[in-house]
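> Following is a predicted model, sequence given first.
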Amino acid sequence: MTNDRGKVYLVGAGPGDVAYLTVKAYNLLATAEVLVYDALVDAQLLQCVPDDCLKLDVGKRGGKPSTSQAQINKLLVKHCLQGKQVIRLKSGDPLIFGRCTSEIEALKASGCDFELVPGISSALAAPLLAGIPLTDPVLSRTFAVLTAHEPEVLDWEALSRLETLVILMGGQHLAEIIDQLVRHGRSHLTPIAIIRWAGTPEQQIWTAQLGNILEQTAGLSLSPAVIVIGEVVGLRKYLQPEKIDCQVSTTAKTFSPPVMSSNFPLSPLTGKMILVTRSVGQSSQFSDRLIASGATVIEMPTLEIGPPSSWEALDNAIAHLSDFDWLILTSTNGIDYFFERLIVQGKDSRALANIKIAVVGEKTAQSLKQRSLQPDFIPPNFVADSLVENFPDKLDGKKVLFPRVESGGREVLVKELTLKGANVIEVAAYQSCCPSSIPTAAKLALQNRKVDAITFASSKTVQFFCQLTNSIFSNNSDASQLLEGVCIASIGPQTSKTCHDLFGRVDVEAEEYTLDGLAQALIVWATS
């Protein structure tokens, strides 16, 4: 092949959760230029690709419009020949009922370089995650994996003699599967398990017998599901920690959501999908904290930070730092850009030797400490109002430098400092604006009503979230309709006020106005 051609990676995405993605697959996603993905690929995985990656949904779902296999083949060849690194992401393993043969033939015919990257098949992962062993020295010395997409072509006489069957794509054909097995000699008392959305927060598990599973699951959607049939299903109760799931009885027709016993507790946010609004490029430590507590997190950047339209005012203030008594910093962005211009002017932290520094917020204080500087004052409640109320110095006649976002804000802070006699010099240190698009994973989660809670850490993120959603989801008259039934979580009073103004409500507010406080507030909400 020629050097200007790209390469196609046929990658297995595993059963769903990003935690079950292989390291190689994760690393490939991080460098993808084009992502071609299936319908069952979890939305979390779409966040693993670069922001400028072209994402193409070619998923095939029964009864819905879908991209033909011929079109998929052409897409792979087209982008490969354009020199792109293409990731063809398939749920499970690419060669287990993955329709890869046609794609490989098309790539080879066009001289495209390609590579197969294994994934964990749901045929193996789903039983394991349900606590069902596929083999046992006594009960199951063999197992077979089959697709029931076309049950009429299968050799049911041979399959009925096997000890354990693992059936994919069988939810819509459950009645025919059971009929065929019983007609070919399988007992109606044979245990059966149905595992829906294995490896995701939506995972559900039903166990029963061939003779009563249809009655117990009548009217329920069972797709996508992995069905396990055989005596090994009965071992589940011995191999699992004590817990209750969606196991059915022979008399009840109601199903309870999964719950754990007290000696095997769930993480507090397990089963909750949380949409985290943040700045573009911002650290994901907050998301990591939520994930560690069991949440499924989708990040939605709603704020882009950049330099102000002019450095003139800030540069002039830095050139005359000796004229100021206090420097007030209210955000990590303000710190970053202030020190960037300090260095541009050939100065360093020694230029602040004779000026006192006040900061708002624990994270802002930590950012300052990373520059080997200790703030002279941190208000106790991490909010601007508290800074004025508890200021340690008489402000009458003091000159205060306040680097802030160019678009304004903190008007109350400036007003109150001025009323106390301070001469406040406001200078634009950075600018914030609304991103032009919503990440695919976030858009899908909102469209499909999968989000349980959404977090806001500033008024700007609230405002820009509304701007983004109102422009993209044209069928919703405002963002409040999009968030019906979704918990709105705010970091503090000022952000809550903006939420009330734009959404009409706030459901959770952090007691301590920090990201850790916000995470703790969500845990209390989820467990109350």
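Received the coordinates, thanks.

> Shouldn't residue 189 be within a helix?
No - going by DSSP: H, G, I helix; E, B strand; the rest coil, the assignment for residue 189 is coil, not a helix.

> The residue lying closest to it once chain neighbours are set aside: how many residues sit nearby?
Among residues not flanking residue 189 along the chain, residue 209 sits closest, at 5.3 Å (CB to CB, 6 or more residues apart in numbering). In short, each C-beta sits where N, CA and C put it, glycine included. Burial measure for residue 209: 19 neighbouring residues, criterion other CB atoms under 10 Å.

> Ok, the one 5 residues further on next?
Summarising burial for residue 214: neighbours were counted as other CB under 10 Å, giving 13.

> which residues touch it?
174-175, 178 (CB atoms under 8 Å, 6 or more residues apart in numbering).

> Name only those of those that count as buried.
Buried members of the contacts of residue 214, counted by 16 or more other CB atoms under 10 Å: 174, 178.

> can you map out the helices along the stretch 151-300 of the chain?
156-159, 174-183, 213-216, 236-239, 285-292 (DSSP state H, counting those that start in this stretch).

> Show me what the last one is packed up against.
Using 3 or more CB pairs under 8 Å, 6 or more residues apart in numbering; DSSP states H and E as the contact criterion, the secondary-structure elements in contact with helix 285-292 are strand 273-279, strand 296-306, helix 515-527.

> so which of those gets nearest residue 22?
Proximity to residue 22 (CB to CB) singles out strand 296-306 among the helices and strands packed on helix 285-292, at 19.4 Å.

> From what I see, residue 95 and residue 119 are in contact.
No - counting by CB atoms under 8 Å, residue 95 stays clear of residue 119, with 9.3 Å between them.

> Comparing those two, which residue is more hemmed in?
Neighbour tally, residue 95 and residue 119, criterion other CB under 10 Å: the higher count belongs to residue 119, 27 against 17.

> List phi and psi for the nearest residue to the more buried one once chain neighbours are set aside.
Among residues not flanking residue 119 along the chain, residue 12 sits closest, at 1.6 Å (CB to CB, 6+ apart). Backbone torsions of residue 12, given as degrees, to the nearest 10, read phi -80, psi 130.

> which one is the residue of the chain most remote from its centre nearest to, not counting chain neighbours?
Largest separation from the mean C-alpha position in the chain: residue 397, at 49.9 Å (CA atoms, centre = their mean). Of all residues not flanking residue 397 in the chain, residue 421 sits nearest, at 6.1 Å (CB to CB, 6+ apart).

> for residue 444, same thing?
That would be residue 43: by CB to CB, 6+ apart, it lies 5.1 Å from residue 444.

> Pull the number of nearby residues for the one you found.
Considering only other CB under 10 Å, residue 43 is surrounded by 21 other residues.

> swap in residue 14?
Burial measure for residue 14: 26 neighbouring residues, criterion other CB under 10 Å.

> Name all residues that make contact with it.
For residue 14, the contacting residues are 20-22, 25, 91-92, 119-120, 125, 199, by CB under 8 Å, 6+ apart.

> wait, what's in contact with residue 440?
When contacts are taken as CB under 8 Å, 6+ apart, residue 440 is in contact with 43, 46, 55, 57.

> okay if I get those as a markdown table plus distance to residue 74 and pLDDT?
A markdown table is the format used below for the contacts of residue 440 (distance: CB to CB, whole Å; pLDDT from 0 to 100):
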| residue | distance to residue 74 | pLDDT |
| --- | --- | --- |
| 43 | 26 | 77 |
| 46 | 22 | 85 |
| 55 | 17 | 92 |
| 57 | 16 | 90 |
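
> quick revisit: thought the residue nearest to residue 397 was touching residue 399?
No - using CB under 8 Å, residue 421 is not in contact with residue 399; the gap is 10.9 Å.

> Pull the contacting residues for residue 28.
Counting by CB under 8 Å, 6+ apart, residue 28 touches 9, 11, 85, 87, 117.

> Those residues: which two are farthest apart?
Once CB to CB is applied, the contacts of residue 28 give 85 and 117 as the farthest pair, at 12.6 Å.

> if we can go back for a sec, nearest to residue 312 among the contacts of residue 214?
residue 174 (71.3 Å).

> Can you name the residues bridging to the most centrally placed residue in the chain?
By CA atoms, centre = their mean, the chain has its centre lying nearest to residue 298, at 2.2 Å. When assigned by DSSP bridges, residue 298 has beta-bridge partners residue 275.

> Just give me the neighbour total for residue 191.
When counting by other CB under 10 Å, one arrives at 21 neighbours for residue 191.

> Distance check, it against residue 157.
With the distance defined as CB to CB, to the nearest Å, residue 191 ends up 21 Å from residue 157.

> nearest spatial neighbour of residue 91, skipping sequence neighbours?
Using CB to CB, 6+ apart and skipping residues adjacent in sequence, the residue nearest residue 91 is residue 40, 4.0 Å away.
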